[in-house]
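Participant: task: produce atomic coordinates for the following.
(chains A and B)
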Number of protein chains: 2
Amino acid sequence: MPEYFSGKQLKNMNMSQLDALCEDLRQKILSTVLKNGGHLASNLGAVELTVALHYVFNLPDDKIIFDVGHQCYSHKLLSGRGDSFNTLRKKGGISGFPKREESPYDCYNTGHAGTSVSAALGIAKARDIENKDFNVIAVIGDGSFNNGLVYEAFNSLRLLKTNILVVLNDNGMSISPTVGSMHEYLELLSENSEHISKKAKHAGIFERFGFKYDGVYDGNNLPQLINKLTEIKERLKKESVILHIITKKGKGYEFCEENPEATHGISISSSDYISTEYSTVFGETLCSLAEKDSKIVAVCAAMSSNLGLADFFEKYPERAVDVGICEEHATILCASIATEGLKPYYAVYSTFLQRSYDEIVIDICSQNLPVTLCIDRAGVSGADGETHQGVFDLSFLSMIPNLSIAVPKDVNEFRSMLEFSATFDKPLAIRYPREGTHSFKLQSEIILGKWEMLSENENASASILACGERAVTAALEASQLLEKENIKVNVINSRFVKPLDTKMLKTLTQNLIITVEDNVLSGGFGSLINTHFSSDNKKIKNFAFPDKFIPHGSVTELMKEFGITGEAIAGYILNAIR
Amino acid sequence: MPEYFSGKQLKNMNMSQLDALCEDLRQKILSTVLKNGGHLASNLGAVELTVALHYVFNLPDDKIIFDVGHQCYSHKLLSGRGDSFNTLRKKGGISGFPKREESPYDCYNTGHAGTSVSAALGIAKARDIENKDFNVIAVIGDGSFNNGLVYEAFNSLRLLKTNILVVLNDNGMSISPTVGSMHEYLELLSENSEHISKKAKHAGIFERFGFKYDGVYDGNNLPQLINKLTEIKERLKKESVILHIITKKGKGYEFCEENPEATHGISISSSDYISTEYSTVFGETLCSLAEKDSKIVAVCAAMSSNLGLADFFEKYPERAVDVGICEEHATILCASIATEGLKPYYAVYSTFLQRSYDEIVIDICSQNLPVTLCIDRAGVSGADGETHQGVFDLSFLSMIPNLSIAVPKDVNEFRSMLEFSATFDKPLAIRYPREGTHSFKLQSEIILGKWEMLSENENASASILACGERAVTAALEASQLLEKENIKVNVINSRFVKPLDTKMLKTLTQNLIITVEDNVLSGGFGSLINTHFSSDNKKIKNFAFPDKFIPHGSVTELMKEFGITGEAIAGYILNAIR
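Facilitator: Residues are numbered from 1 along each chain as shown, chains lettered A, B, ... in the order given. As a prediction, the model looks like this:
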């Protein structure tokens, strides 16, 4: 495939050229992902669909919204980004997700599940208001299809009086296999395609919402896809269509086809050293707590394996709930299970916690229920970029009444915090990054709101308050660098962001206070310290992420770019006290 | 009805006694709501349902979750709260919503739409885990039934392998009439009840999710309800049931039946003086902006009238979208409409903004799209209590990159801010309370991030930075009180919380800085000022709501209780400078 390839050339290709193109796309995706990391199996499964869409529709005049975006690589390759595709997910390179900033072929940025149908309806509505003429297509996986947003969008189709095409790319997976009754219904439609009468199909759920249902049950068959899409393109002038296609996740590579969960996303070992994953420690500890305490329940919204819960689901199936990509519902399940005296743990990535913000405030915290939020991938999470960074959680959580927030300095302390949580009878959040890279010697008992003095010096020039493993690591590095200059500092493991250790704060006699966190400054840990000292004559310097969306890059690169490093902290202190 | 009436006595009543009880309940509800304010028409419609549930089921062993809670008054009266019912919605009195703290008959607190089915499933799941034996019932209105949460809950019913009863109380209203295809389907089921074959009904959407569908299409007929519920109670041992009942909102009082939207909620003039409602100014201004600018679109998630948009919907139906109680979908519609170059305004109550937090962060702000969030009922909103106070928005919004936040000091400034927004090409939030009580003389031009000096004194002892009408009012009152003591202060209208007016902040030479806002301190306006001055030797005092959920009470009572008044500010300053 020539690097300059643009989708427009597709229109002149014959079927064997198109087949060869699919093969080229697969190879390019595979070789790049093996080098750069990224989403593999989902992209391999959607190659034919993407080629067919580019062949039949007129991009970028017609608009495609890729739900989540785990299937957009072929689209990127077909829209003039072949020559930069080798920079995929690299700092400064192209994103692994659709990005309006990158190309006019990307009309709507995605990353979180279930937004595509709403976005397609909004774009189509705007088109109608302005009397424009183009087609709008949402491509959504069966995993995202479980999300309540899709129902909200479907429910408003007739009301909005507009026409869109929804391609339901059904590969049976939501990273983990897709669960729920909607997916059972989809299986019924496809598997019994010959036994179910045409009429019964057309009178199904989708018809109720104003969509005409259609299917291509071999969704990796390019000629079938092209024929069906060509027919549908005409119909879109007068109706909305849902096209249900069954694709093979990982298509084209036996190993991927047979291991779709393991090859959904490929991580490439980077400069970020991982000793133990926090998720592993989470799963192990929760299992051992559950052995002793029959009241412990684990809840997640898809991705149980990535969250470390595979063993728990195996060992305690009756106390393990995965509701699919339904963060709001999962959160209320936790709150309501807690009202009955059980002890639910909700495991979730930091960025997806935003989806159930209202339920955290109202259902969990205003009822003051003993739910533990186990927040994985906190801080910058790396190569997935803007939509996946966990740099907001300390801010949007710390202002919620009744909620305590713990942030472990290493996996050992994380284990102790989980043990602490089992005896704690109020809402608690524990937030942690993916990688555990250090383990520190000191391990003092976990007491609510009690910090830990890691390095105390009688004549300290400053106190560094650090929150979380990355921050504590940077603070200790700074301390060592300063030591070489004969400057002493205190380093404090501020392991509770809420409540703050006001007792320890009172003992800090130094005029210079440094805060370190891998969260945005606004509303985060540093901000709480600033408020604590707002009437004191302290000079406070906050090391935190700035008020901007953080693009993709490795964790190390991003921490460095935004100055949250031992070197930067030491440099600042040196300058401030001289 | 004797004040000591408890639901258990129902079991021994005959049908004519039960009819009389319904009449008593209606009168008690009407007389109390006319005195105290509250939700009227929705409660009147659900009287027979509630009596039937109390008659058939064994409360509080069996559990009922009332979605939102706008229909729980009869339940409160039947569960030992008759003698305190005259304190409804009064400070220190009983809440207008279900509250676990109030009674063991209230098993789950509600207030925001769509949570009841999830909560019922969680409680039923906990029951199953603990091998207990009781029934769980969700009572949900057709308005809430549009919310995506309900789909998420339905989708997981089979997966959770538990049995619940969902009573779908269909009165055709979501405050405003219910919209959407689901509601059209419900109408079909009830209106054509004789024409649709039994089989077709049973093979409907609900069956797909594992519910048996049943209906009582005269849902105010007590004997029918009792018979059906008695039958269903047995069936719950082996299956989940959705019972669709059609009730008459406002039932029993002609005026309410004919005006269900106007009598949904009754406001009683209190000590809170209202000169103009902000929502009125919003609607008028948006209409006049839309007349000049064909790109303006208005979006809301139900309650268009309460939000001030009735005229806009009448005048510009093609540019007005109400998707029902679907805040997430509404937010993405705004973002996607904006990608096409139009100018959407999303009108929403502060507390319900929490529902689409992720979409505000990811869809609107990370794409940096020119959507204007018009946030009504900000600050404490009064008698609805914990679940309806708008005291968190400044905190959870101010940490979102790319978002600017404006807070008007009066309705005139609000009008200017809306005019400013029409020319602003980035995400903008404008937050305002319900009541406009003052109008101040000074009205300077709205420039992004530029504050207004309302009262400047050469020898000022302190600068008071106030944000929003209530805060500015308190600050000016403080200034006048201090004037009597010959103490001068500056009063600044900090009308942009983001960006801050750093230029004006630099000019403040006073050592004492006061911030005033009707938001929680953590992460709010005061917190931003504390961070701004974190390296300065200023003494800062923040007047804001504390880190707790604010119960119901009048606005004036709550502002006073939490010390956000002119008197409290003046008292503090007097004390600090003497």
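Participant: not counting sequence-adjacent ones, nearest residue to A:Asn135?
Facilitator: Distances taken as Cβ to Cβ, 6 or more residues apart in numbering or on different chains place A:Asp62 nearest to A:Asn135, at 4.2 Å, with adjacent residues excluded. C-beta coordinates here come from the backbone N, C-alpha and C atoms, glycine included.
Participant: close enough to count as contact, the one you found and A:Lys132?
Facilitator: No. Using Cβ atoms under 8 Å as the test, A:Asp62 is too far from A:Lys132 to be in contact (11.2 Å).
Participant: neighbour-wise, which of these two wins?
Facilitator: Neighbour tally, A:Asp62 and A:Lys132, criterion other Cβ atoms under 10 Å in any protein chain shown: the higher count belongs to A:Asp62, 18 against 11.
Participant: ok, that one - contacts?
Facilitator: For A:Asp62, the contact set (Cβ atoms under 8 Å, 6 or more residues apart in numbering or on different chains) comprises A:Phe134, A:Asn135, A:Val136, A:Ile137.
Participant: what subset of those residues is buried?
Facilitator: Buried subset of the contacts of A:Asp62 (neighbour count, 16 or more other Cβ atoms under 10 Å in any protein chain shown): A:Asn135, A:Val136, A:Ile137.
Participant: looks to me like the last one is in a strand.
Facilitator: Yes. Per DSSP: H, G, I helix; E, B strand; the rest coil, A:Ile137 lies within a strand segment.
Participant: ok, it touching A:Phe57?
Facilitator: Yes. Between A:Ile137 and A:Phe57 there is a contact at 6.9 Å, judged by Cβ under 8 Å.
Participant: can you pull the residues that touch both of the two?
Facilitator: Shared contacts of A:Ile137 and A:Phe57 (Cβ under 8 Å, 6+ apart): A:Ile64.
Participant: between the buried ones among the contacts of A:Asp62, which is nearest chain B?
Facilitator: Of all these, chain B sits closest to A:Val136, with 9.3 Å by Cβ to the nearest Cβ.
Participant: ok, A:Gly82 to chain B distance?
Facilitator: 25 Å (Cβ to the nearest Cβ, to the nearest Å).
Participant: which other helices and strands contact the helix or strand encompassing A:Phe255?
Facilitator: Assigned by DSSP states H and E, A:Phe255 falls within helix A:254-258. Counting contacts by 3 or more Cβ pairs under 8 Å, 6 or more residues apart in numbering or on different chains; DSSP states H and E, helix A:254-258 packs against helix A:41-45.
Participant: so where's the stretch 1-150 of chain A uncertain?
Facilitator: Applying pLDDT under 70 to the stretch 1-150 of chain A flags residues A:1-7.
Participant: go with 50
Facilitator: Within the stretch 1-150 of chain A, the segments meeting pLDDT under 50 span A:1-4.
Participant: any idea of the mean pLDDT in stretch A:169-177?
Facilitator: Averaged across stretch A:169-177, pLDDT comes to 85.
Participant: with just CA atoms, put it into CSV.
Facilitator: In CSV, the C-alpha atoms belonging to stretch A:169-177 read as follows (Å, rounded to 0.1, in the frame of the first residue of the first chain):
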residue,chain,number,x,y,z
ASN,A,169,-20.3,-4.2,14.6
ASP,A,170,-21.0,-7.3,16.7
ASN,A,171,-17.9,-9.4,17.6
GLY,A,172,-19.3,-10.7,20.9
MET,A,173,-16.7,-8.9,22.9
SER,A,174,-16.6,-5.8,25.2
ILE,A,175,-12.9,-6.4,25.7
SER,A,176,-14.3,-9.3,27.8
PRO,A,177,-17.2,-11.2,26.2
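Participant: ok, how many other residues are close to the spatially closest residue to A:Asn457 that is not a sequence neighbour?
Facilitator: Closest residue in space to A:Asn457, ignoring its immediate chain neighbours: A:Lys488 at 3.7 Å, by Cβ to Cβ, 6+ apart. A:Lys488 has 16 neighbouring residues, counting by other Cβ under 10 Å.
Participant: kindly report the same for A:Ser174.
Facilitator: Using other Cβ under 10 Å, A:Ser174 has 27 neighbouring residues.
Participant: pretty sure it sits against A:Cys326.
Facilitator: No. In this structure, A:Ser174 is not within contact of A:Cys326 by Cβ under 8 Å, at 10.1 Å.
Participant: whichever residue of the stretch 251-400 of chain A sits closest to chain B: neighbouring residues, count only.
Facilitator: Nearest residue of the stretch 251-400 of chain A to chain B: A:Ser336, at 2.9 Å (Cβ to the nearest Cβ). A:Ser336: 31 surrounding residues under other Cβ under 10 Å.
Participant: enumerate every residue touching it.
Facilitator: Under the criterion of Cβ under 8 Å, 6+ apart, the contact partners of A:Ser336 comprise A:Asp363, B:Ile65, B:Tyr108, B:Ser118, B:Ala119, B:Ala120, B:Leu121, B:Gly122, B:Ile123, B:Ala126.
Participant: go with 10 Å
Facilitator: Each residue near A:Ser336 by Cβ atoms under 10 Å, 6 or more residues apart in numbering or on different chains is listed here: A:342, A:344, A:363, A:367, A:369, A:371, B:63, B:65, B:107-108, B:115-116, B:118-126, B:136.
Participant: so of these, which ones are in strands?
Facilitator: Of the contacts of A:Ser336, the ones assigned to strands by DSSP state E are A:Pro344, B:Lys63, B:Ile65, B:Val136.
Participant: CSV for those, including distance to B:Ser479?
Facilitator: Listed next are the ones in strands among the contacts of A:Ser336 as CSV, based on distance: Cβ to Cβ, whole Å:
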residue, distance to B:Ser479
A:Pro344, 51
B:Lys63, 53
B:Ile65, 49
B:Val136, 56
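Participant: which of the residues you listed sits closest to B:Asn147?
Facilitator: Nearest to B:Asn147 among the ones in strands among the contacts of A:Ser336: B:Ile65, at 14.4 Å, using Cβ to Cβ.
Participant: for the closest one, list each beta-bridge partner.
Facilitator: B:Ala138 (DSSP bridges).
Participant: where in chain A is the helix or strand with the lowest mean pLDDT?
Facilitator: Sorting the helices and strands of chain A by mean pLDDT, DSSP states H and E puts helix A:198-202 at the bottom, at a mean of 55.
Participant: give me the residue from chain A nearest chain B.
Facilitator: Closest point on chain A to chain B, by Cβ to the nearest Cβ, is A:Gly148, at 2.2 Å.
Participant: for B:Ile242, see how far away that residue is.
Facilitator: Separation of A:Gly148 from B:Ile242 (Cβ to Cβ, to the nearest Å) stands at 17 Å.
Participant: next: A:Gln354.
Facilitator: 31 Å.
Participant: likewise for A:Thr50?
Facilitator: Distance from A:Thr50 to B:Ile242, by Cβ to Cβ: 40 Å.
Participant: next: A:Trp451.
Facilitator: Distance from A:Trp451 to B:Ile242, counting by Cβ to Cβ: 51 Å.
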